[in-house]
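# My questions concern the predicted model and sequence given below.
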Amino acid sequence: MSSTLDEHWFTETFADEGSAFSLEITDKLLDVTSPYQHLEVYATRTYGNLMVLDGCVMLTERDNFLYHEMIAHPALFTHRDPRRVVIIGGGDCGTLREVLRHPGVEQVTQIDIDEEVTKAAERCFPALTESNDDPRAELRFADGVKWVEEAPEASIDVLIIDSTDPVGPAEGLFKVDFLARCQRILKDGGVLVQQSESPLYHSGSIIRELRRDMLEAGFDSVATLPFPQPVYPSGWWSVTLAGKGSNVSDFRETDADDLTGLEYYSAAIHRGALSLPPFMQRLLDS
């Protein structure tokens, strides 16, 4: 992937797929090079503020609720009683905010390697960071792969891998040995969820391989849930769940219906997302 910028438009190009996505910009709000990546924030005419990491669109104010709700709520409602949650990545803190909507959650630890992402979110996306002062929340800026390696066995209920694409700092988060370490630190009945790229572009590659690696790592069940995401490649995205001693195709539907204040997720959306399109199921099974 690559990006270009002229006076009025930011464009991200997906050369392998012969496609691109553009947003009309009105101002550049932030430009920071951290030890890990190049971070930019733009004001756009119709999508609010836009965050870009190493030339790739990360989120906008207009549509980030789709991703953040779908990476958080399906996993938490799949677990029978989530109390301790860990987020690897997620420096913009939108996933953290969604997890903290669940009153039964007692502790959420977020580990992101790049503090500059959180600083940018606090400055340019304040709605995403509004729960950072919740007493249940702990923010750490460290290597998530190393944190998982050192975490005690069977110590958490839900593990959320809220990563960028499987390149650069996030590459290690898509490896079978890392997934095996994730399985080790989950309690029995624990749930892992990981963002898993585009169903249209990656069902026969990244998503299929991730599901196979999850099972090889010792998980007992997997489920991939697609959802719309206009600013990501193809406009369609997914998360993949894995269960330790549990079936991730089942979830607490009544509790999911009781959660209010959301923009996209519901029990009906969750049920529908578990039913995959035939082309996607065919590629996953091949």
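Happy to help now that I have it.
# quick one, helices of the stretch 51-200 of the chain?
Listed in chain order, the helices of the stretch 51-200 of the chain (DSSP state H, counting those that start in this stretch) span 64-78, 94-99, 115-124, 144-150, 176-185, 199-202.
# Let's have those helices in CSV, adding mean neighbour count.
(Each C-beta comes from the backbone N, C-alpha and C, glycine too.) Listed next are the helices of the stretch 51-200 of the chain as CSV, based on neighbours: other Cβ atoms under 10 Å:
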stretch, mean neighbour count
helix 64-78, 25
helix 94-99, 26
helix 115-124, 20
helix 144-150, 17
helix 176-185, 19
helix 199-202, 20
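# how close does the nearest residue to residue 175 once chain neighbours are set aside get to residue 45?
Here the nearest residue to residue 175 in space, its sequence neighbours aside, is residue 213; by Cβ to Cβ, 6 or more residues apart in numbering that works out to 7.5 Å. As judged by Cβ to Cβ, to the nearest Å, residue 213 and residue 45 stand 41 Å apart.
# okay, these two: which has more neighbours?
residue 213 (19 against 11; other Cβ atoms under 10 Å).
# Was I right to think that one contacts residue 178?
No: with contact defined as Cβ atoms under 8 Å, residue 213 does not reach residue 178; the gap is 9.1 Å.
# and the nearest residue to residue 25 once chain neighbours are set aside, what are its bridge partners?
Spatial nearest neighbour of residue 25, excluding adjacent residues (Cβ to Cβ, 6+ apart): residue 42 at 4.5 Å. Beta-bridge partners recorded for residue 42 (DSSP bridges): residue 28, residue 50.
# What score does residue 42 have for pLDDT?
Note on residue 42: pLDDT of 98.
# how far away is it from residue 55?
Counting by Cβ to Cβ, the gap from residue 42 to residue 55 is 12 Å.
# Flag the shaky bits of the stretch 51-200 of the chain, pLDDT-wise.
Within the stretch 51-200 of the chain, the stretches with pLDDT under 70 are 164-174.
# How far off centre is stretch 127-139?
Centroid displacement of stretch 127-139 relative to its chain, using Cα atoms, centre = their mean, to the nearest Å, is 17 Å.
# give the contact list for residue 85.
Residue 85 sits next to 76, 99, 105, 107-109, 156-160 when contact means Cβ atoms under 8 Å, 6 or more residues apart in numbering.
# Those residues: which two are farthest apart?
76 and 109 (14.8 Å; Cβ to Cβ).
# The chain - how does it break down into domains?
Per automatic domain parsing, the structural domains of the chain span 2-60, 64-285.
# right, so those domains: which one is the most enclosed?
Stretch with highest mean neighbour count among those: domain 64-285 (a mean of 19; mean count of other Cβ atoms under 10 Å).
# That domain spans what distance, first to last residue?
When the termini of domain 64-285 are compared using Cα to Cα, to the nearest Å, they are 30 Å apart.
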